[in-house]
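In: sharing a model prediction with you, sequence too.
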Amino acid sequence: MPEITFAKHDHLESIISIWGANRATLGLMPRDAFVDALKKRWILVALIDGFVAGYLLFRHTRRNQTLAITHLCVDKTCRGRKLSDKLIDKLVEEYRHKARGIKLNCRSDYKDAIKFWNRYNFQPKGKLPSRSSNTNVHLITWWYNFGNQDLFSLITNNKIKAVLDFNIIAKLRDLQLDSSKEEVAHLQADWLVSEVEYYCASETTNELFRDSNTERSTRTKSFLKNFPELNIDKYSLRPIEKELEEILIGDSVNDRSDRRQIAEAVLSGFPYFVTMDDGILKQAKAISHIYQLKVVTPSGLISEIDLAINAEDYNPKKLSAQNFTISKLKPDERNKVEEVFLSHSTGEKKSAFSTTIGNTSSLPSGRVITINDRNDIVGVYGTYEVDDSLYVKFIRTKQYALRQTIFIQNINDLINEALAKKKSFLIVADEHLTDVEQNILLASGFFKISNEFVRGIKRGIFTHTDLSSSLEMITNRIPDIKMLTETTCDQTKEDSSLSAITLEKLLWPIKIKDAEIPCFIVPIKPYYAKSLFDTKAAKMELFGVEPKLIWSKENVYYRNVNPNVEEFPARILWYASADQTSPRQKAVVCSSSLDEVVVGPAKGLFKKFEKFGVYRWEKDIKALCKGEPLKDIKVLRFSDSEPFINTVSLVTLKRILKRNGESDNNFQSPLRIKTSTFMEIYARGIGLDYCNE
């Protein structure tokens with residue numbers, strides 16, 4: 001009888017050996033990717049008398065709560081024993097209450113595999129173009145749903161955007177002629193088709209023009225049709241190129257071309273530039289330090305896939321209140337705004353944009369807001385109110401390094417504004433959004449309805465029984481929310497808790513009183529609370545928090561590994577510990593959603609999450625790990641923070657714990673609490689009347 005279990009380090013070489021024997025079908029995979037998956041418990045193995053007879057390599061995407069199968073392979077000497085079924089059975093058993101379902105891509109010419117997915121009751125959901133040289137072959141996306149309702153429509157497009165250096169494109173073009181280019185061939189793996197979208201810089205056209213080999217140039221031109229070209233405002237490239245002269249030194253044609261491609265990638269707002277150019281790779285750290293851009297090799301991109309899919313392209317470290325101001329549009333700024341933020345790429349007319357700005361400003365509830373980086377306007381949006389909705393008529397961001405970060409932050413601030421105005425909907429009605437901006441909205445709880453992006457907003461604590469009636473206005477307007485609400489309300493369904501977690505995210509800050517969602521109280525020093533989320537404490541001080549820390553949609557908090565009680569997804573309450581210099585201390589000051597718990601070596605985790613900018617190695621992390629870079633520490637990654645109007649003092653907390661049958665506690669370490677305890681504390685914090693029935 002085979003044993004199905006999570007892979008251990010001792011199994012690694014056997015797994016890689018099975019992959020190696022079947023790599024023609026499975027595709028390329030860097031060794032580091034296997035090692036990383038092993039650490040994350042993302043490989044299942046079938047063992048027969050201790051021998052690895054087969055393996056299942058998968059990924060868990062927390063953002064949309066799905067599993068994705070990368071490899072499923074059985075050693076040829078052990079086939080015919082239904083080991084593939086048993087591996088999938090184990091995956092379903094482990095995750096059926098933690099995820100929505102399983103997706104995978106399978107080539108249309110793999111007939112035996114298709115028979116297997118059909119037999120196991122996977123459903124074909126769509127077709128994607130394969131990166132195979134055979135144009136008649138495509139990829140079928142298969143889906144195995146864990147719930148009684150098919151919520152596949154809620155799985156949004158999380159494709160990572162990456163800009164390819166011309167040298168990468170040239171090597172991909174010639175793969176059929178030289179199959180030895182394994183490093184580049186990693187980018188062609190079929191499993192990546194639904195994960196990554198590749199772009200080329202417009203500078204690629206100039207590279208093409210300079211190629212004197214007519215036959216090669218013709219092949220390149222035809223091959224480039226596979227990659228969308230970046231649509232970049234050329235004038236905005238100049239200052240970036242100038243800055244890059246200090247990093248990528250040289251004045252040859254190739255040097256200038258390299259700088260131009262990097263500058264285009266910076267302005268695109270995409271997170272990755274893929275290259276094999278040694279000169280550029282040597283300066284990768286310097287480039288990422290200044291700009292929101294990671295320079296990686298093809299195999300390096302593979303290693304980043306899961307981190308990138310589970311993260312926003314969001315870099316609050318780069319935002320500083322010393323530099324950024326928000327204000328109403330001044331009359332003398334009008335012409336500049338119309339010139340800088342006109343959407344040339346979609347054919348928008350300047351007169352039409354000018355009319356939109358004017359009409360929005362003239363409405364009784366209308367206002368036009370500018371975001372300024374020092375003295376430069378880098379963002380603008382216009383809003384007005386209609387009944388239960390806050391409309392965003394236009395929202396634009398300048399093409400520069402922080403474009404996506406500012407867009408994400410503006411959307412987050414607009415959600416909070418709609419909440420403060422007691423609106424049920426935030427509607428983005430700008431018809432000139434970029435593809436990246438549209439994807440950000442979809443990942444932020446918006447649904448595309450006609451030509452608008454609509455997000456529901458609901459404050460309050462509700463039970464399953466009153467949820468449907470309380471959300472009727474929202475569900476009538478957003479059908480997908482209605483389907484999700486029905487699943488949440490039916491507690492006989494195994495995925496009702498998972499749906500409740502999703503609903504609380506999509507309609508934040510709603511709380512579902514009787515949903516089985518883990519709840520914790522986590523202690524935090526008031527200094528970090530002010531820096532990470534407690535804006536009310538910051539405003540009570542003369543100088544406030546460090547300026548760079550004021551804007552934050554999501555963040556991380558570092559802790560000791562033990563006691564290791566936290567799990568995710570979960571709700572957390574932050575208890576600010578004693579600190580006589582802080583106005584909000586020895587009390588619960590905020591609630592958040594706990595999205596991820598990561599344990600690993602201190603130096604590696606600090607590097608991974610450095611973009612949040614709250615911590616310094618010498619001041620914060622070194623003390624936590626006692627100067628040992630390889631010592632394990634813990635990171636809590638959280639979002640959707642809601643600072644409390646009323647702090648809940650330690651004395652009151654103890655009373656609530658006692659009333660809910662919990663043990664007394666002084667909150668020196670994280671504490672798991674009952675849902676009823678969480679709800680009573682939360683209600684007090686936000687000023688709601690609450691009856692704990």
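Out: Alright, I've got the coordinates.
In: which stretches in the stretch 401-550 of the chain count as helices?
Out: 403-420, 435-443, 464-470, 472-477, 479-489, 496-506, 526-532, 535-539 (DSSP state H, counting those that start in this stretch).
In: indicate which one of the ones you listed is closest to Leu573.
Out: Closest approach to Leu573 among the helices of the stretch 401-550 of the chain (CB to CB): helix 526-532, 11.6 Å. For every residue, glycine as well, the C-beta is placed using N, CA and C.
In: could I get the average pLDDT for the closest one?
Out: When pLDDT is averaged along helix 526-532, the result is 81.
In: what's the answer for stretch 382-390, then?
Out: Taken as a whole, stretch 382-390 has a mean pLDDT of 97.
In: how about residues contacting it?
Out: 356-357, 360-361, 363, 365-369, 391-395, 414, 417-418, 421, 423-427, 473 (CB atoms under 8 Å, 6 or more residues apart in numbering).
In: now swap in stretch 285-294 and tell me
Out: 240, 243-244, 247, 262, 265-266, 269-273, 280, 284, 295, 304, 313, 315, 318, 401-402, 404-405.
In: hmm, 7 Å instead?
Out: With contact meaning CB atoms under 7 Å, 6 or more residues apart in numbering, stretch 285-294 is reached by 247, 262, 265-266, 271-273, 295, 315, 318, 401-402, 405.
In: mind listing which of the residues you listed are in helices?
Out: Ile262, Ala265, Val266, Thr405 (DSSP state H).
In: what's around the second one, how many residues?
Out: Think Ala265. 31 (other CB atoms under 10 Å).
In: now swap in the last one and tell me
Out: For Thr405, the neighbour count with other CB under 10 Å is 23.
In: for this protein, what helix or strand is lowest in average pLDDT?
Out: One helix or strand of the chain scores below all others by mean pLDDT, DSSP states H and E: helix 535-539, with a mean of 51.
In: moving C-terminal of that helix, what's the next helix or strand?
Out: strand 554-559 (DSSP states H and E).
In: where's Ile102 relative to Lys82, distance?
Out: Ile102 sits 18 Å away from Lys82, going by CB to CB, to the nearest Å.
In: over to Phe209?
Out: 57 Å.
In: who has more neighbours out of the two?
Out: More crowded of Phe209 and Lys82, by other CB under 10 Å: Lys82, with 12 against 9.
In: how about that one, phi and psi?
Out: Here is the backbone geometry of Lys82 (degrees, to the nearest 10): phi 60, psi 40.
In: so what pLDDT did it get?
Out: In the predicted model, Lys82 carries a pLDDT score of 93.
In: how about Val184?
Out: 87.
In: what does the helix or strand containing it contact?
Out: Per DSSP H and E, Val184 falls inside helix 182-185. The contact list for helix 182-185 (CB under 7 Å, 6+ apart) reads Leu28, Ile168, Lys171, Leu172, Leu175, Met276, Thr297, Pro298, Ser299.
In: SS state for the first one?
Out: The reference is to Leu28. The three-state label given to Leu28 by DSSP: H, G, I helix; E, B strand; the rest coil is coil.
In: and the fifth one, by the same measure?
Out: Three-state secondary structure (criterion: three-state DSSP) places Leu175 in coil.
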